[in-house]
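Chemist: structural data only, the sequence is not supplied:
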């Protein structure tokens, strides 16, 4: 009996899982030393399986960076909504961006 295809939500969740793991590996060793085999091993899958979600290492890098910025801006937006003073906004924005980058360095290595 053939395997049931993954839903769009399952595919998106797996892509996020791969990107999260990739961000941790890149924080440790950098992009150029990111091994798809090592990443796959940490995820409990084969390297070829990762290529079902990302066509190549560069695509994984770009999507991981984009995800990092999306997460950062969502976090900043949430934090900034508490501080409505317009003159303080630029400093608050910068402070929250730095705080997020320190908390999630793999997205910014």
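Modeler: Cool, got the structure. Model, not experiment: these values are computed from the prediction.

Chemist: pLDDT value on residue 109, please?
Modeler: At residue 109, the model reports a pLDDT of 60.

Chemist: what segments of the protein are helices?
Modeler: 8-29, 36-43, 47-50, 57-80, 89-103 (DSSP state H).

Chemist: can you redo these as TSV with distance to residue 2?
Modeler: For glycine as for every other residue, the C-beta is placed from the backbone atoms N, C-alpha and C. Shown next, in TSV, are these (distance: least, CB to CB, whole Å):
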stretch	distance to residue 2
helix 8-29	16
helix 36-43	24
helix 47-50	18
helix 57-80	28
helix 89-103	43
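
Chemist: pipe the ones you listed into TSV and attach mean pLDDT and mean neighbour count per row.
Modeler: Formatted as TSV, the helices of the chain follow (pLDDT from 0 to 100; neighbours: other CB atoms under 10 Å):
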stretch	mean pLDDT	mean neighbour count
helix 8-29	93	16
helix 36-43	93	16
helix 47-50	95	15
helix 57-80	88	15
helix 89-103	81	13
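
Chemist: what about residue 10, distance to residue 43?
Modeler: According to CB to CB, to the nearest Å, residue 10 stands 15 Å off from residue 43.

Chemist: now swap in residue 28 and tell me
Modeler: Taken as CB to CB, the span from residue 28 to residue 43 is 15 Å.

Chemist: likewise residue 72?
Modeler: Taken as CB to CB, the span from residue 72 to residue 43 is 23 Å.

Chemist: before we move on, what about residue 13?
Modeler: Distance from residue 13 to residue 43, by CB to CB: 12 Å.

Chemist: quick check: neighbours shared by the two?
Modeler: Residues touching both residue 13 and residue 43 by CB atoms under 8 Å, 6 or more residues apart in numbering: none at all.

Chemist: need the residues that contact stretch 95-102.
Modeler: Contacts for stretch 95-102 (CB under 8 Å, 6+ apart): 71-72, 75-76, 79-80, 107-108.

Chemist: an error on my part: the question was meant for stretch 24-31.
Modeler: 34-35, 38-39, 42, 61, 64, 105-106, 109.
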